[in-house]
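# Predicted coordinates and the sequence they were generated for:
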Amino acid sequence: MKVIKVKNQQEGGKVAFDLFKEALAGGAKVLGLATGSTPISFYNEVVNSDLDLSNLTSINLDEYVGLDGTSDQSYRYFMQSHLFDAKPLKETFVPDGKAKDLAAYVKEYDKIIDAHPIDWQVLGLGQNGHIGFNEPGTSTDMTTHVVDLQESTIKANARFFEKESDVPRQAISMGIASIMKSKQLIVMAWGAEKAEAVKKMIEGPVTIDLPASILQTRDNVTVIIDEAAASKLSN
C-alpha cells in the first residue's frame, strides 16, 4: 500500500488524474468506477482534459435498489452527469437498481466483471470503513450482492436526498472479492470525518469489521488522502 498525502481534494483529484494517465499509457482498458462526492475532483480533471475514453469500458461499484437512471439520486445518473455525457466510453456498466430478480441479477453482474477484468479501480472510503457498499461484517469472499445499508451509511448519504427517509435502505454492490481482483486500486478520502476510518484502514488490524483494512494486504493499492483525513495517522 502506497499513501500519498495532499493538501486538499482538488490537489488529490489532480494526483489521481496523473495516475490515471499513467494507467492508460500502460494499456488499461477497463475502469472500475465509484460515485459519491469523493471522486468528483478526479472526474472534473478527466472531463476538462483532452483524453479520449471511447475505447474504454467501465464497471461501477454499486447502485441503490429501487432507483433507475432517470432518478437524479441514482448512481447511473451521477455517472452520466459527472463523466459519461462529457466523455463517452465504449461500454458502461452500472448495476440495475430496478432489476426484478435481484438474486439472479447479482450473478449476471458477476459475469460482467469476469468478462471484463478491471485494470484500474477507483474507491471511496465510508466513514465506517466500507468500500463500495460492503458494510462492516461483510465476508472478504463476497462477490456482487444485495446489501442492507447500515444507519451510519444512510445518515452519511442523506445529504444527497431531500430527507433521510428518502435514502434507499438497500443497494447492489460489487463484493470485496470482486474489488480485490482489480490490477490497480486507487482509494481517495477527504475530510476530518474520514480520519478515523483512514487510520484503521492503514494502521489498524485487517478485519471484516473495517472492510477497507483488507487493502493492507496488497501492493497494488494507492491511497490519496488530504491533510484532514490524514490527521489521526501516527506516522
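The structure has been received and is ready for your questions. Numbers count the residues shown, from 1 in each chain.
# next one: phi and psi at residue 224?
Dihedral pair for residue 224: phi -110, psi 120, per degrees, to the nearest 10.
# hey, C-alpha coordinates of the helix or strand bottoming out on mean pLDDT in the chain in CSV?
Scoring the helices and strands of the chain by mean pLDDT, DSSP states H and E places helix 151-157 at the bottom, with a mean of 77. Taking Å, rounded to 0.1, in the frame of the first residue of the first chain, the C-alpha atoms of helix 151-157 are listed here in CSV:
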residue,chain,number,x,y,z
GLU,A,151,-27.7,3.5,9.7
SER,A,152,-24.3,5.3,9.6
THR,A,153,-24.3,4.9,5.8
ILE,A,154,-27.9,6.1,5.4
LYS,A,155,-27.2,9.2,7.6
ALA,A,156,-23.9,9.9,5.7
ASN,A,157,-25.8,9.8,2.3
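# What are the contacting residues of the following helix or strand past it?
Under the assignment DSSP states H and E, the closest C-terminal helix or strand after helix 151-157 is strand 170-173. Identification of contacts with strand 170-173 by C-beta atoms under 8 Å, 6 or more residues apart in numbering yields 61-66, 95-97, 99, 102, 105-106, 109, 132-134, 144-149. (C-beta placed from N, C-alpha, C; glycine too.)
# now do 6 Å
Strand 170-173 is contacted from outside by 62-65, 95, 132-134, 146-148, using C-beta atoms under 6 Å, 6 or more residues apart in numbering.
# Could you do stretch 135-153 as well?
Contacts for stretch 135-153 (C-beta under 6 Å, 6+ apart): 102, 106, 109-110, 128, 133, 169-178, 208-209, 211, 214.
# Centre of the chain to that stretch, how far?
14 Å (C-alpha atoms, centre = their mean, to the nearest Å).
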